[in-house]
Structure formats: structure tokens, C-alpha cells
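let's see this in three dimensions:
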Amino acid sequence: MRDNFNSFDSLIILLILLFIVGYLVAAMKHKKKPWPKFRSILWVIGFVCILISVIGPIAKLSHHLFVFHMIMHLFLGMLAPFFIALSRPITLLLTSLNTQNARRVSRLLRSAPVQLLTHPISTLLLNIGGLWLLYTSTVFNLIHKSTFLFNFVHIHLFFSGYLFTISIIAIEPISHKFSFLFRSSIMILAIAGHDILSKLLFSNPLDSFGLNDVQFGAVLMYYGGDFVDLLIITALCYFWYNSSNSKTRAFI
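Coordinates of the predicted model:
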């Protein structure tokens, strides 16, 4: 059993290294103009957040202590998507492909299913709605009994966080170009949904964890989530200001 666990860890590490190296190679070979090094740094930081959340002490303790489960949640579902979104991987992919392949990918990104999946309202439901489903139903207890469900929930946690982030800051070709006011409204709803859920967890602890443990995790969810939300709001305001001031050169 231990060998299988180590093999799984090795596979995850290998995949993360492949994503990091692939991005860095594409960035170095970027032809149109030098790819900003800051975006490459953000990409690496994002995958480091994924790594420490799924492998190591945080991942192990998250099965037994709710506070570590919440630390994993913040790293995997909020910080990693934020940093990776700012690194603009879709833009790098499209500008690295030849014209024919870039057009094929663009058509896929403009397809109805992808457009529906990346709509701000859809990403709000996937992200915040998914959290409500996880913590207010039997799903949370089931993920500790089923390896498949456990992995599925964690994959959903990351991708729903990533899709939500790019739908709000809207700096990728896949993003809908809704007004900043509309996206700000969606952001406010997300913050409200996240904060209300954390307060609900504080007052209604989970059966499988101790009272103090769950309450401490709920406090971490509340303030940690607000911190990452503040980062997203800062990025949103930055791009909002940058779009209204043509003389300002984008840093990210």
C-alpha cells in the first residue's frame, strides 16, 4: 500500500514538473516578443501551491484535521488558480502554436460548451455552489471513503477556482468580456457565499471532526478566503485601471 502511495506521489510530481518545464520552454521560445518573466514566476508559484497541497504533511493531515483540510483548500482551490490565471497559459499556448493549430484551438475556445462553462455566473455556481454542496451534504464524509470521489473533488476544487478567477479578471482569450461592473458584482456574490458558508461551518461543526478543529478551520476559511479574494479584487482593479488608461503599460 505504501509503494502505491509513493508511486502516486511520484506521478503527481512528474506531471507538475512537466507542466512547469513545458510552460518555461514555451516562454523562452516565444517569438512575437519576450514573454514576461513575471508570468513564468507566477506559473511556478501556482504549481508549487498545488504540490504542497496534494503531497506532503498538509495532504496527510487534511484527512484527520479539518484545519489542514482548509489549508489545502486555500492553496489548491484559491491561491494556485489565482497565480496560474495571472500567468496567462492560454495566451501563451495560442501565441506559441502555428497559425492553423491556433485557429483550431480558438474555435474550440469559442464553442458553446466552453463559453457556457466560462461564463461568470457558471463559474460562480461551479466554485461557490460546489463548496456549499461539499460541506452541507454527505459528500464531505464520502470523499474520505472513496479514493475516486476524493480525487474528483480535488480536481474540481482547482478547476472551478481557476475558471472563476479567469472569468473575473478576464485577461485570457477564453474569457467573456463583460463589463467590470458586472464582474465586480459576481465577485461580491462569491465573497458573500464563501463567508456565509464559513460562518455556517463555525456554528454547525462537521460530525467527523472535533468542534474546536472545525471552528478553527472555519475561521481560516473566512479570513484566508477574504485574503485571496482581496488579491483577485486587486488584480481586477488593476486591469480595470489599465484598460481605461491607454498610456499605462501592463505589468502582468
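
number of nearby residues for residue 24?
Residue 24 has 14 neighbours, counted by other Cβ atoms under 10 Å. (Each C-beta comes from the backbone N, C-alpha and C, glycine too.)

ok, and the closest non-adjacent residue to it?
Leaving aside its sequence neighbours, residue 24 sits nearest to residue 40 (Cβ to Cβ, 6 or more residues apart in numbering; 5.9 Å).

now for residue 122: which residues touch it?
116, 163, 167 (Cβ atoms under 8 Å, 6 or more residues apart in numbering).

I'd like to know which of those residues are buried.
163, 167 (16 or more other Cβ atoms under 10 Å).

one step back: which residues touch whichever strand or helix holds the residue nearest to residue 24?
Here residue 40, judged by DSSP states H and E, is contained in helix 37-54. Residues from elsewhere that reach helix 37-54 (Cβ under 8 Å, 6+ apart): 12-13, 16, 19-20, 23-24, 27, 58-59, 71-72, 75-76, 79-84, 86-89, 92, 154, 158, 251-252.

returning to what we had before: quickly note the distance from the residue nearest to residue 24 to residue 26.
Separation of residue 40 from residue 26 (Cβ to Cβ, to the nearest Å): 10 Å.

now do residue 90
12 Å.

ok, residue 103 next?
Taking Cβ to Cβ, one finds residue 103 at 18 Å from residue 26.

and the gap between residue 21 and residue 189?
38 Å.

with neighbour numbers in mind, choose between those two.
The neighbour count for residue 21 versus residue 189, taken as other Cβ under 10 Å, is higher for residue 189 (14 against 10).

got the contact list for the more buried one?
Contacts of residue 189 (Cβ under 8 Å, 6+ apart): 124, 128.

name the next helix or strand following the helix or strand containing it along the chain.
Under DSSP H and E, the secondary-structure element containing residue 189 is helix 180-203. Note on helix 180-203: by DSSP H and E, the next helix or strand toward the C-terminus is helix 211-244.

elements contacting that next one?
Packing contacts for helix 211-244, counted by 3 or more Cβ pairs under 8 Å, 6 or more residues apart in numbering; DSSP states H and E, involve helix 66-74, helix 80-86, helix 147-169, helix 180-203.

so what touches the shortest one?
The list of residues contacting helix 80-86 from outside it, by Cβ under 8 Å, 6+ apart, reads 39, 42-43, 45-47, 49-50, 53, 158, 161-162, 164-166, 169, 171-172, 228, 231-232, 235, 252.

how far out from the middle of the chain is that helix?
Distance, stretch centre to chain centre, for helix 80-86: 6 Å (Cα atoms, centre = their mean, to the nearest Å).

what does stretch 176-193 give?
16 Å.

could you do stretch 181-194 as well?
16 Å.

cool, stretch 172-191 as well?
Distance, centroid of stretch 172-191 to centroid of chain: 15 Å (Cα atoms, centre = their mean).

just stretch 127-135 next, same as before
On Cα atoms, centre = their mean, the centre of stretch 127-135 falls 14 Å from the chain's centre.

for stretch 202-217, same thing?
Chain-centre distance of stretch 202-217: 25 Å, with Cα atoms, centre = their mean.

and for it, what's in contact with it?
65-67, 69-70, 135, 140-141, 144, 201, 218-219, 222.

list the buried residues of it.
Of the residues in stretch 202-217, those buried (16+ other Cβ under 10 Å) are 202, 205, 206, 209, 213, 214, 215, 216, 217.

same check, this time on stretch 31-45
Under the neighbour-count rule (16+ other Cβ under 10 Å), stretch 31-45 has 35, 36, 39, 40, 42, 43, 44, 45 buried.

go ahead and flag the most central residue of this structure.
residue 81 (2.6 Å; Cα atoms, centre = their mean).

gap between residue 95 and residue 178?
Residue 95 is 24 Å from residue 178, by Cβ to Cβ.
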